[in-house]
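Chemist: what's the 3D shape of this:
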Amino acid sequence: MGKRIVITGIGLVTPLGTGTQKAWKHLCEGRSGIRRIQKFDPSNLKTQFAGEIPDFNALSFMEGKEIKRTDSFIQYAVAATRISLEDAGLEISEELSSRVGAIIGTAVGGVEVFQKNIIEMHEKGPNRVSPSFIPSIIANMASAYVSIIFNLKGPNSCVVTACASGAHAIGDGMSIIERGEADVMIVGGAEAAVQPIGIAGFNAMRALSTRNDEPERASRPFDRDRDGFVMGEGSGVLILEELEFAKRRGARIYAEIIGYGMSGDAYHITAPSLKGPVNSMRQALMHAKISPCHVDYINAHGTSTPQNDPNETKAIKEVFGEWAYKIPVSSTKSMTGHLLGATGGVEAGFTVLSIYEGIIPPTINLENPDPECDLDYVPHTSRDARVRVALSNSFGFGGTNVTLVFKAFD
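Modeler: Numbers count the residues shown, from 1 in each chain. Sure thing, here's the model as predicted:
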């Protein structure tokens with residue numbers, strides 16, 4: 001029998017708050033974390049709102065000199081890791097360090113520092129570019145800082161697969177433990193792309209909602225009146241442990257991760273295909289050795305875009321058949337916005353908590369369902385339910401798809 005892998009810690013830094021319990025509480029209450037952008041003046045942008053983190057203080061998680069040298073996406077990853085380790089009650093001793101690794105995914109890396117230094121060079125010349133510029137923008141620096149700060153000498157990597165990055169990182173961490181290369185993997189995603197260039201870029205693609213008069217109602221997955229996604233930022237990190245290792249140290253276990261499926265659309269850079277998500281979900285169920293009728297909840301990719309929502313709905317129906325109409329499906333992006341490379345980590349955390357707490361979070365703002373989206377999307381309010389098996393979907397530009405399967409721990 002292969003190695004079993006369990007989740008023992010969850011660290012969340014999200015537009016619903018810093019800290020796992022705070023974010024989970026606000027999620028279950030159906031609160032929106034979307035508001036007018038505060039970190040810069042968005043007045044000249046078509047979209048002037050986003051999912052910013054309302055209460056983040058980097059000094060609570062890192063030293064001041066480290067903060068000055070790093071982009072926010074690195075700071076979010078370190079914070080989420082610290083929260084997850086404390087949640088797991090796990091201390092990384094020198095003896096253990098070579099058996100603990102990290103994979104933190106990101107879609108775009110250090111956008112804030114990149115933008116700042118481009119402007120600085122343009123206005124004041126190349127000598128004004130910061131010596132921390134390159135180490136701050138490289139995508140793998142979230143994993144690097146996590147490994148240095150927490151003394152992790154096991155496998156260390158970074159996944160860059162657009163909006164599937166955080167979910168790929170979790171699946172890859174699972175595979176590393178299955179192969180016996182580590183006992184513990186710290187996995188997830190981090191993103192801090194709520195910057196003028198990030199908003200302007202997605203506006204140029206006509207991908208973002210422009211509902212500036214009511215930001216909290218702008219992210220509306222599966223709703224007929226959706227007009228694009230809402231960008232968010234933050235980090236979601238899980239502690240994965242080999243079961244026997246976790247039991248020996250008396251760890252509290254949230255759930256077990258039992259399936260990892262991924263696929264490529266081979267179709268289009270930004271438009272989704274039906275076959276890609278279908279193959280991803282089928283591969284995950286096959287890996288988990290679970291039949292479709294055993295799934296109790298799906299945390300959907302659910303971006304609130306005209307293209308994704310009906311496509312994901314069709315994919316779920318193709319995989320699950322008539323059972324699709326009996327499975328609660330919700331999009332937590334309705335409250336957090338889309339955290340790009342961090343979203344897979346954050347939503348995996350929410351999915352695990354839905355199993356552990358017996359609560360299915362809602363899809364808010366679902367007021368006028370799209371006729372093409374006809375499943376049970378848990379509208380408006382959370383639902384108490386016994387969730388034994390749950391899926392989390394993450395799909396990215398370039399046609400890259402991930403499905404993770406979690407199960408209640410027996």
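Chemist: all strands for the stretch 201-350 of the chain, in order.
Modeler: 234-242, 255-264, 297-299, 329-330 (DSSP state E, counting those that start in this stretch).
Chemist: what residue is smack in the middle of this structure?
Modeler: In the chain, the residue lying closest to the centroid (Cα atoms, centre = their mean) is residue 343, at 2.1 Å.
Chemist: What are the neighbouring residues in contact with that one?
Modeler: 163, 166, 167, 189, 191, 232, 236, 333, 336, 394 (Cβ atoms under 8 Å, 6 or more residues apart in numbering). Glycine gets a C-beta too; all of them are placed from N, C-alpha and C.
Chemist: closest to residue 110 out of the strands of the stretch 201-350 of the chain?
Modeler: Residue 110 sits nearest to strand 234-242 of all those, at 13.8 Å, using Cβ to Cβ.
Chemist: Against which helices or strands is that closest one packed?
Modeler: Judged by 3 or more Cβ pairs under 8 Å, 6 or more residues apart in numbering; DSSP states H and E, the packing partners of strand 234-242 are strand 5-14, helix 72-88, helix 165-178, strand 184-191, helix 343-357.
Chemist: Could you check that strand and say which residues are buried?
Modeler: For strand 234-242, the neighbour count (16 or more other Cβ atoms under 10 Å) marks 234, 235, 236, 237, 238, 239, 240, 241, 242 as buried.
Chemist: Strand partners (parallel or antiparallel) of that strand?
Modeler: strand 5-14 (antiparallel), strand 184-191 (antiparallel) (DSSP bridges).
Chemist: Those strands: which one's closest to residue 283?
Modeler: strand 5-14 (17.2 Å).
Chemist: got the angle for the closest one vs helix 165-178?
Modeler: 160 degrees (axes from the mean of the first three to the mean of the last three Cα atoms, to 10 degrees).
Chemist: deepest of the helices and strands packed on strand 234-242, which one?
Modeler: strand 184-191 (a mean of 35; mean count of other Cβ atoms under 10 Å).
Chemist: and that strand, average pLDDT?
Modeler: In this model, strand 184-191 has a mean pLDDT of 98.
Chemist: what angle sits between that strand and helix 72-88?
Modeler: Relative orientation of strand 184-191 versus helix 72-88 (the same axes, to 10 degrees): 140 degrees.
Chemist: Alpha carbons only: can I get strand 184-191 in PDB?
Modeler: The C-alpha trace of strand 184-191 is given here as PDB (Å, rounded to 0.1, in the frame of the first residue of the first chain):
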ATOM      1  CA  VAL A 184       6.700  17.100   5.100                       C
ATOM      2  CA  MET A 185       6.000  19.500   2.300                       C
ATOM      3  CA  ILE A 186       5.000  23.100   2.700                       C
ATOM      4  CA  VAL A 187       3.000  23.800  -0.400                       C
ATOM      5  CA  GLY A 188       0.700  26.400  -1.900                       C
ATOM      6  CA  GLY A 189       0.700  29.700  -3.800                       C
ATOM      7  CA  ALA A 190       1.300  33.500  -3.400                       C
ATOM      8  CA  GLU A 191       0.500  36.500  -5.500                       C
END
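Chemist: Show me how far it is from its chain's centre.
Modeler: 10 Å (Cα atoms, centre = their mean, to the nearest Å).
Chemist: ok and it relative to strand 255-264, angle-wise?
Modeler: Calculated by the same axes, to 10 degrees, strand 184-191 forms an angle of 50 degrees with strand 255-264.
Chemist: low-confidence ranges in the stretch 51-200 of the chain?
Modeler: Along the stretch 51-200 of the chain, no part satisfies pLDDT under 70.
Chemist: how about the strands in it?
Modeler: For the stretch 51-200 of the chain, the strands defined by DSSP E, counting those that start in this stretch occupy 100-105, 156-157, 184-191.
Chemist: As JSON lines, those strands with distance to residue 363 would be great.
Modeler: Listed next are the strands of the stretch 51-200 of the chain as JSON lines, based on distance: least, Cβ to Cβ, whole Å:
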{"stretch": "strand 100-105", "distance to residue 363": "25"}
{"stretch": "strand 156-157", "distance to residue 363": "33"}
{"stretch": "strand 184-191", "distance to residue 363": "21"}
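Chemist: how about residue 335, what does it touch?
Modeler: Counting by Cβ under 8 Å, 6+ apart, residue 335 touches 15, 16, 26, 27, 30, 31, 32, 33, 34, 219, 361, 364.
Chemist: measure it to residue 31 for me?
Modeler: As judged by Cβ to Cβ, to the nearest Å, residue 335 and residue 31 stand 6 Å apart.
Chemist: And for residue 161?
Modeler: Residue 161 is 29 Å from residue 31, where distance means Cβ to Cβ.
Chemist: Good, wrapping up.
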